[in-house]
Structures are given as C-alpha cells and as structure tokens.
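Chemist: The following block contains a protein sequence and its predicted model.
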Amino acid sequence: MTQPDTRRRRGWGIGALAALMLVAACDTGQPEFEPLGAGEGLPGQPQIDPNLPPLQVGHAMLRAGEYDFAVRAFTLAIQEDGLTPEILIGLGTANERLGRLGLAQRSLEAAVELAPNSAAAWNNLGVVLDRKDDVRGAVAAFQTAFALDSGASDLILQNLLQAEFRLKDTQSDNPEDETEFRLVRRGLGHYLLIENNEQDRNAS
C-alpha cells in the first residue's frame, strides 16, 4: 500500500520542528525546564523520580494523563536524545490530548518521515487528521498503520473502521456526532489513540 506523502503537506524541516517544540514548551505557562515535580511534590505537580531520564518521565506523564508535563519532559528529551521517532510520537500524542492539533500533526508527520514503518505514528497521525476533519487523510493514515501492523491490532482496526464510517457519513444528510479518542498504551513507549466510545481492550 502506498503511504501518504506527508512531506509535501508538512513543509517543515526537522530542525525547524525542534525549534518550534522548544518555543511551545515556553508558552505553556509552566516554568521552562525546572525539575518536573521532584522533591516533596508541589501542589498540582506529580511526584517524579528526579533521576529518571526525561524520555521515561514523558511516558510516565502520558500514563498519568499529565499532558502538559509530558510535553515538557519530551521537549527536554530532545536536548538529550535529539528528535527521535519515539519522542516525536510522544509529543504528538500529548499535544493531541491538549487540543494543540497543529503541533500534534507536525510532530507525528515528522515521526512518520523518520520512521515510516511505525504503525503507532501512522495511527496517531490518523487521529489528529480526523479531529481536524481531514477524514480522507485519516483513512489513508489508518490504512497504512493497519497494513504495517499486519492487521494484528484491534485498536487500529477500530480507528480505521470508524474513520471509514465517518468518510461515508460526510455524504449523509444526518451526520453522526463527533468521535472522541482516548489513549491506550501498546508496548513499551508506544501509545495508540482510539475512539472513546468503544469498550476497553488490552493492548499487546
């Protein structure tokens, strides 16, 4: 299956994206790069082992639903590890949860450019495109994720079927309500965003 060409739509270099992420981290209203909730645990801050590397902190914050802190941690991880696909997927996922769809899309498009065989990156990009009402782009991204995953993931299949339904529904006189998505962990460091009105399923 031919993968969607994200480079023409994105128009952002990897270096420019890194700079954008660093600026965005400064715009969240949080102190820039202070320890994330280390020590006694300040009010409103999660307690985190200060010895953990930022990448692990980012994953922990995703699991805890602390998406602002996840963005800050993944941004710190860029300084240590560079823009890796894992960091980009984490940034894209956290920003999607925060409703920052433009940032999320750019992160995930960069992720699929660096790791075109990542089913998680394509799936989460599909979620962002769906939320931006680019339903055709979402279907293409989910199809790519499903093919890369060899059809093994029920979670990706749910998203693909839902997007295909939405694509047909756009031609209907009585469109259904918008779909909400939730976060599910699937393997070490990989997170899939799946529709919120489906029954929970275990991730492999």
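Modeler: Perfect, thanks for sending it. Just so you know, these numbers come straight off a predicted model, no measurement behind them.

Chemist: What are the buried residues along the helix or strand where residue 147 lies?
Modeler: Residue 147 is part of helix 135-148, with elements assigned from DSSP states H and E. For helix 135-148, a neighbour-count test (16 or more other CB atoms under 10 Å) marks 135, 137, 138, 139, 140, 141, 142, 143, 144, 145, 146, 148 as buried. For glycine as for every other residue, the C-beta is placed from the backbone atoms N, C-alpha and C.

Chemist: so what secondary structure elements neighbour that helix?
Modeler: If you count contacts as 3 or more CB pairs under 8 Å, 6 or more residues apart in numbering; DSSP states H and E, helix 135-148 packs onto helix 119-131, helix 154-169.

Chemist: closest one to residue 108 among those helices?
Modeler: Smallest distance to residue 108 across these (CB to CB): 4.0 Å, for helix 119-131.

Chemist: Tabulate the CA atom coordinates of that closest one in PDB.
Modeler: What follows is helix 119-131 as a C-alpha-only set of coordinates in PDB (Å, rounded to 0.1, in the frame of the first residue of the first chain):
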ATOM      1  CA  ALA A 119       2.200   1.800  13.000                       C
ATOM      2  CA  ALA A 120       1.800   3.800  16.200                       C
ATOM      3  CA  ALA A 121       2.900   7.000  14.500                       C
ATOM      4  CA  TRP A 122       0.600   6.500  11.500                       C
ATOM      5  CA  ASN A 123      -2.300   5.600  13.800                       C
ATOM      6  CA  ASN A 124      -1.900   8.700  16.000                       C
ATOM      7  CA  LEU A 125      -1.400  10.900  12.900                       C
ATOM      8  CA  GLY A 126      -4.700   9.500  11.600                       C
ATOM      9  CA  VAL A 127      -6.400  10.500  14.900                       C
ATOM     10  CA  VAL A 128      -5.100  14.100  14.600                       C
ATOM     11  CA  LEU A 129      -6.200  14.300  10.900                       C
ATOM     12  CA  ASP A 130      -9.600  13.000  11.800                       C
ATOM     13  CA  ARG A 131     -10.000  15.600  14.600                       C
END
